[in-house]
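Colleague: take a look and give me a structure for this.
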Amino acid sequence: MDKILRINMGPNGEPSYTTEPIGDFAGLGGRGLTSAIISKQVPPTCHALGEENKLVIAPGLLGGTTGAMSGRVSVGCKSPLTGGIKEANAGGQPGQMIARLGYAAIVLEGKPAADTLYKIHISADGVKIMPDPDLKMLGNYDTVEKMKQAYGNKIACVSIGQAGEMKLAAATVAFTDMEQRPARHAARGGVGAVMGSKGVKVIVIDDTGMSMRSPKDPEKFKAANRTFVDGLKKHPVTGQGLPAYGTNVLTNVVNEAGAYPTYNFKTGRFSGAAAISGETQAETITSRGGKATHGCHRGCVIRCSGIWHDKDGHYLTKQPEYETVWSHGGNCGIDDLDAIAMMDRLDDDYGIDTIEMGATIGVAMDAGLLEFGDADGAINLVKEVGKGTPLGRILGSGAAVTGKVFGVERVPVVKNQAMPAYDPRAVQGMGVTYATSTMGADHTAGYAVTANLLGVGGTVDPLSPKGQVELSRNLQYATAAIDSTGMCLFIAFAVLDQPETFQAMIDMINTFHGLELTAEDVTALGKKVTKMERDFNEAAGFSKKDDRLPDYFLKEGFAPHNVTFTVSDDELDDVFSDL
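Modeller: Okay, the predicted model is just below:
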C-alpha cells in the first residue's frame, strides 16, 4: 500500500491514469489521507462539481490485513452539500481489496469533456477505463449485477446510482458487501455527486492473486489482534448489544432518554418507538429467515449489521441502521418497519444518504407536502428522487434546499448538512459536535452519546452545558484518528472503557508498520487531521459563525425535558482553541 492511483477523467483527450509513490503522504491512511490530499491539492474555493475538485478513495492504515474491524474505507472531496471538506466512510469489501492491490488511495480528478459515462476496472494486471453508456441511470443494484455478469463473482464494486449521475447534493457512493450487494455507503455530504461529476459510474475492484498485507512483526501483530478482539467481545455494547440487535438497539434507549427527535425535531419521544426498535427488528428478521447478526466486511467481529427479508421471505435490503430507522421512522412519525426497509432499499439503489433523505422528508412534511405518519407518501417522495422529477431533484438536494424552496423555518442542519438521530438540546455534547465538526452536522465526528447517555468513557450530564466542549473536542480528535486506521468507529466503546483494548489497537498499528506510536501520538494524529480540515474550510470561506446550531434550538423548549441548547457561542468558539 505504497502508491497512489491517479485517474484523470479529462478534460482533454481520453481518460488516463498514472501511479506514483505515496511520498509526502506516507504514514497516513483513510480520513487522514483523504483530507491531506484534498487540503493540499484542491483549491478551497473551487466549485465542488468542477474539474478542480478531486474524489479520493482510501483504505485505512490497517486495510487489507487480518486485523479485526479494519476494513473501512474513506471517501474525501470538497462537498457539494456543505461547501467544505468532506470525509465519509463505509464498510464493505472494496477497501480491503484496494489495499491488497497496493494502493493507499485512488484519486479521481479532472472532468470529461463529453457527457460520457465510464466504468473503471482495477486489478493486478492494471487499470482499464472504458465508456459504458448501457449503465446510464441504472440503480446501484442493476449496475453491480451487470459488473458481475461481465467480470465474475470475485469482484467488489464502488458505484453511484441515479442521484450521483444527476449530481444531487445528497448522493452517496455505494460499496458492495460480502454478498456483493451495494448496501454499504459513504453517504454524507454528496460524495456521490462528485463521483458523478467525474463521469464515473462504477469502479470494479479485482484483487485476484493478491494476498493479505504482511505485518513487520507477525507474531506480535497476531497477539495484539487477539487482545483487541477479546476486548471487543467482553464489552457489553460491542460484545452483546450491537451483535444481538444491531445499531437500532439505540431506539428504545434514546427514546427513553427523551432525546429521540420526532416530527422533525419537535419532541423527544415517539409513541411508536417500540414498533421500530432494534428488539422488534431482530425478532422480525429472524422470523422471516433473515440474519439479525451479520458483518459488513470480512474481519468484522462485532457483526452489528443484518439482512432484512420482506413479508414473503425475500431479500430486500440490509438491516436498516439506527439512523435510517429514525430518519424515515420516528422523525417522520412512521412506525412501520417494512415501509422503512423499503425506503432504505430505494435510498441504497438510487444512491441517497438515508439521514439526509429522512430529514428532508421531515421538512417536506412540515411544509405540508404530506402528513406525518404517511408511509406510502414518504416512499413516493423517495421515488421522486429516483425519477429525477423537479420535486425529486429538490428533495435529493437535501433538507436545507428543500426548506428554502418550501419556506420552512425548522430545518435541522449545520453547514447545510442534516442532523442525525439525537436532538442537541437533550444530548448537548452532540450539539457541540454538530455545531463545530468540519463535516457539518455529523454524529460520527464526535459521538458524545457515549458519555451523555450510555455511560461509556465516563458520564457527562446530557442536559447541562458543563463538560460538553471538552467531551466533544476529545472525541472529535479520537474519531479523526480512528477514521485514519480503517477501523470501525464502534471499536470506540471498548477503547474508551478498556485501556488494554486501546493499547492493543496501538500495538496492532505499531507491529504492522514497525512504528513506536504512543497514545499521545494517536491524539496528535487526530489533531493534525482536524487542523487540515479546519484550515481548508477557513480558506473556503467558513468562520466561527458557521459553527452554530439553527436559532430555534436555542429558543424552543424540547419535551419532555423542556430544555434548550445552552452551550454558549464563546464555548463553541473555544472547542479547537488548542489547534
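Colleague: could you dump the longest helix anywhere in the chain to PDB, C-alpha only?
Modeller: The longest helix of the chain (DSSP state H) is helix 519-539. Only the C-alpha atoms of helix 519-539 are listed here, as PDB (Å, rounded to 0.1, in the frame of the first residue of the first chain):
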ATOM      1  CA  ALA A 519      -1.400   7.200  23.000                       C
ATOM      2  CA  GLU A 520      -0.300  10.800  22.700                       C
ATOM      3  CA  ASP A 521       0.800  10.200  19.100                       C
ATOM      4  CA  VAL A 522      -2.800   8.900  18.300                       C
ATOM      5  CA  THR A 523      -4.200  12.100  19.700                       C
ATOM      6  CA  ALA A 524      -1.700  14.200  17.800                       C
ATOM      7  CA  LEU A 525      -2.800  12.400  14.600                       C
ATOM      8  CA  GLY A 526      -6.400  13.300  15.200                       C
ATOM      9  CA  LYS A 527      -5.500  16.900  15.900                       C
ATOM     10  CA  LYS A 528      -3.400  17.100  12.700                       C
ATOM     11  CA  VAL A 529      -6.200  15.800  10.600                       C
ATOM     12  CA  THR A 530      -8.700  18.200  12.200                       C
ATOM     13  CA  LYS A 531      -6.400  21.100  11.700                       C
ATOM     14  CA  MET A 532      -6.000  20.300   8.000                       C
ATOM     15  CA  GLU A 533      -9.800  20.200   7.600                       C
ATOM     16  CA  ARG A 534     -10.400  23.400   9.500                       C
ATOM     17  CA  ASP A 535      -7.800  25.200   7.600                       C
ATOM     18  CA  PHE A 536      -9.400  24.100   4.300                       C
ATOM     19  CA  ASN A 537     -12.800  25.200   5.500                       C
ATOM     20  CA  GLU A 538     -11.500  28.600   6.600                       C
ATOM     21  CA  ALA A 539      -9.900  29.100   3.200                       C
END
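Colleague: any idea of the mean pLDDT for the very next helix or strand once past it?
Modeller: Tracing the chain past helix 519-539, the next element assigned as helix or strand by DSSP states H and E is helix 552-555. On average, the pLDDT along helix 552-555 is 98.
Colleague: just stretch 54-61 next, same as before
Modeller: Mean pLDDT, stretch 54-61: 96.
Colleague: same question, stretch 357-365
Modeller: For stretch 357-365, the mean per-residue pLDDT is 98.
Colleague: can you give me the strands in the stretch 1-150 of the chain?
Modeller: With DSSP state E, counting those that start in this stretch, the ranges of strands along the stretch 1-150 of the chain come out as 3-8, 16-21, 55-59, 73-78, 85-90, 103-109, 118-123, 126-131.
Colleague: ok, back up a step: can you name every helix or strand that the longest helix of the chain contacts?
Modeller: With contacts defined as 3 or more C-beta pairs under 8 Å, 6 or more residues apart in numbering; DSSP states H and E, helix 519-539 has these neighbours: helix 30-41, strand 85-90, helix 468-485, helix 499-513. In this view, the C-beta of every residue, glycine as well, is placed from N, C-alpha and C.
Colleague: out of the ones you listed, nearest to residue 223?
Modeller: When the helices and strands packed on helix 519-539 are compared by C-beta to C-beta, helix 499-513 sits nearest residue 223, at 8.0 Å.
Colleague: what angle separates the closest one from helix 468-485?
Modeller: Relative orientation of helix 499-513 and helix 468-485, computed by axes from the mean of the first three to the mean of the last three C-alpha atoms, to 10 degrees: 30 degrees.
Colleague: what's next to helix 499-513, contact-wise?
Modeller: Helix 499-513 is contacted by residues 61-62, 65, 67, 213, 215-217, 220-221, 224-225, 227-228, 231-232, 235, 485, 487, 491, 494-496, 515-519, 522 when judged by C-beta atoms under 8 Å, 6 or more residues apart in numbering.
Colleague: using PDB, list the CA coordinates for stretch 48-64.
Modeller: Provided in PDB are the C-alpha atoms of stretch 48-64 (Å, rounded to 0.1, in the frame of the first residue of the first chain):
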ATOM      1  CA  ALA A  48     -17.400  21.100  -5.900                       C
ATOM      2  CA  LEU A  49     -18.700  19.700  -9.200                       C
ATOM      3  CA  GLY A  50     -15.900  21.300 -11.300                       C
ATOM      4  CA  GLU A  51     -12.800  19.800 -12.700                       C
ATOM      5  CA  GLU A  52     -10.500  21.100  -9.900                       C
ATOM      6  CA  ASN A  53     -12.200  19.000  -7.200                       C
ATOM      7  CA  LYS A  54     -11.000  15.500  -6.600                       C
ATOM      8  CA  LEU A  55     -12.600  12.400  -5.200                       C
ATOM      9  CA  VAL A  56     -10.200  10.400  -3.100                       C
ATOM     10  CA  ILE A  57     -10.900   6.800  -2.000                       C
ATOM     11  CA  ALA A  58      -8.600   5.500   0.700                       C
ATOM     12  CA  PRO A  59      -8.400   2.400   2.800                       C
ATOM     13  CA  GLY A  60      -7.100   2.800   6.400                       C
ATOM     14  CA  LEU A  61      -3.600   2.100   7.800                       C
ATOM     15  CA  LEU A  62      -4.600  -1.500   8.500                       C
ATOM     16  CA  GLY A  63      -6.600  -2.000   5.300                       C
ATOM     17  CA  GLY A  64      -6.100  -5.400   3.600                       C
END
